[in-house]
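K.L.:
predicted coordinates and the sequence they were generated for:
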Amino acid sequence: MIQETELSPNHLIYPVFVKEMAEKKVPIPAMPDVYQFSVEGLPQEIEEVASLSIPAVLLFGIPEKKDEVGSGAYAEDGVVQKAVRVIKKLFGSDIMVITDVCMCEYTNHGHCGVIKDGEVDNDETLKLLARSAHSHVVAGADMVAPSDMMDGRVKAIRETLDISGFCTIPIMSYAAKYASALYGPFREAAESAPQFGDRRGYQMDPPNQREALREIRLDIQEGADIIMVKPALFYLDVLSMAKQEFNIPLAAYSVSGEYTMIKLAASKGYLDYERAVVEANTSIRRAGADIIITYFAKDLAGWYKTL
């Protein structure tokens, strides 16, 4: 009766990797019990997610071919676009489909935008991000989530969607995305590791708190409907500050490194798996997250009635 923080399936989004490939399902070595799915293999996974009352999935695409400008990200027949059509045809409004909007999975250099003179060209990248978001929505996406950290991308996407008549499609912005060491397993899963340099030029510096609030405020001004802090566990202080500062839905991404650390420690018997997962995700809710994007979503939803 006096428990202050609730953790239920209603607060969860499950990330899913969809890849152009012959196999229906391929395990990801760095992320135990997480898989890449083909478009054909995806429905069974979505059916399980929906049956657990998880309200939404976040799709990441891995194309068959990559190029310098990430053309697969905005192709009409791109892997995410095809996946969205299949999910909405089979499941309709039973599950919300959110799409990651970024270039790193689609470029042959692994960076989140167009490269010019060895650096990411922010303004040229905005055009492609807006084009990608538009293509996802045309395919049937219910929400778009730009994760690239280019300056001005929320405004560019909002204007493009509004002009095209998609003014009711919400944007969940990766507003404070830190240049974290915890993304390693994801980069294997999404096949998106940078081929040179790193992403510290456009992701946030981990020691900075106040900068996160400035980044979040800018995204809200540009039209973001939901703001996100990423990663979650190492940045609970930033989550708490954002919750106190802004009256807007707040998401946190419990990233691949957080998932793999707990999975591996539990597999060695060093942690009680269920207790550790519940405690970690409760801490994210307690810090202020309204929404948690987590690879633990299916487990948490399955345990929900016994929590």
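P.N.:
Great, that's in hand.
K.L.:
which non-adjacent residue is nearest C112?
P.N.:
Leaving aside its sequence neighbours, C112 sits nearest to D148 (Cβ to Cβ, 6 or more residues apart in numbering; 4.2 Å). Glycine gets a C-beta too; all of them are placed from N, C-alpha and C.
K.L.:
R286 too?
P.N.:
Nearest to R286 is T5, by Cβ to Cβ, 6+ apart, at 4.6 Å.
K.L.:
for that neighbour, helix, strand, or coil?
P.N.:
Applying DSSP: H, G, I helix; E, B strand; the rest coil to T5 yields a three-state assignment of coil.
K.L.:
on that earlier part again, just the pLDDT for the residue nearest to C112.
P.N.:
According to the prediction, D148 has pLDDT 86.
K.L.:
hmm, V101 and it touching each other?
P.N.:
Yes. D148 is within contact range of V101, at 7.1 Å (criterion: Cβ atoms under 8 Å).
K.L.:
quick one: the helices in the stretch 151-300 of the chain, in order.
P.N.:
153-163, 184-189, 210-222, 236-245, 256-267, 273-287, 297-303 (DSSP state H, counting those that start in this stretch).
K.L.:
and the fifth one, what does it pack against?
P.N.:
Yep, that's helix 256-267 we're talking about. Contacts defined by 3 or more Cβ pairs under 8 Å, 6 or more residues apart in numbering; DSSP states H and E place helix 256-267 against helix 184-189, helix 273-287.
K.L.:
same question for the shortest one.
P.N.:
The helices and strands touching helix 184-189, judged by 3+ Cβ pairs under 8 Å, 6+ apart, are helix 256-267.
K.L.:
find the nearest non-adjacent residue to G61, please.
P.N.:
Distance criterion Cβ to Cβ, 6+ apart; nearest residue to G61, sequence neighbours excluded, is V80 at 3.7 Å.
K.L.:
what's in contact with the strand or helix carrying that neighbour?
P.N.:
Element membership of V80, judged by DSSP states H and E, is helix 79-91. For helix 79-91, contacts defined as Cβ atoms under 8 Å, 6 or more residues apart in numbering pick out 18-20, 39, 42-43, 46-47, 50, 57, 59-64, 72-73, 75, 95, 97, 99-100, 135-136, 138-141.
K.L.:
so for it, mean pLDDT?
P.N.:
On average, helix 79-91 scores 97.
K.L.:
buried residues, that helix. List them.
P.N.:
Buried positions in helix 79-91, judged by neighbour count with 16 or more other Cβ atoms under 10 Å: 79-88, 91.
K.L.:
out of these, who's nearest G201?
P.N.:
The closest of the buried residues of helix 79-91 to G201 turns out to be V80 (Cβ to Cβ; 25.6 Å).
K.L.:
CSV for the helices of the stretch 151-300 of the chain, including distance to G118, mean pLDDT and mean neighbour count?
P.N.:
Below are the helices of the stretch 151-300 of the chain laid out as CSV (distance: least, Cβ to Cβ, whole Å; pLDDT from 0 to 100; neighbours: other Cβ atoms under 10 Å):
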stretch, distance to G118, mean pLDDT, mean neighbour count
helix 153-163, 21, 97, 20
helix 184-189, 20, 82, 20
helix 210-222, 24, 97, 17
helix 236-245, 30, 98, 18
helix 256-267, 28, 97, 19
helix 273-287, 37, 98, 18
helix 297-303, 38, 97, 20
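K.L.:
what is the host helix or strand of V57 packed up against?
P.N.:
Using DSSP H and E, V57 falls within strand 56-62. Contacts defined by 3+ Cβ pairs under 8 Å, 6+ apart place strand 56-62 against strand 12-19, helix 79-91, strand 96-101.
K.L.:
quick one: closest of the ones you listed to Y235.
P.N.:
The nearest among the helices and strands packed on strand 56-62, by Cβ to Cβ, is strand 12-19 at 17.5 Å.
K.L.:
ok, that closest one: who's next to it in the sheet?
P.N.:
Strand pairing for strand 12-19, using DSSP bridges, gives strand 35-37 (parallel), strand 56-62 (parallel), strand 291-294 (parallel).
K.L.:
put the alpha carbons of the second one into CSV.
P.N.:
In this case it means strand 56-62. C-alpha atoms of strand 56-62 as CSV (Å, rounded to 0.1, in the frame of the first residue of the first chain):
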residue,chain,number,x,y,z
ALA,A,56,5.8,-0.9,-27.8
VAL,A,57,8.9,-2.1,-29.6
LEU,A,58,11.8,0.0,-30.8
LEU,A,59,13.1,-1.2,-34.2
PHE,A,60,16.7,-1.0,-35.3
GLY,A,61,17.6,-2.0,-38.9
ILE,A,62,20.6,-3.7,-40.3
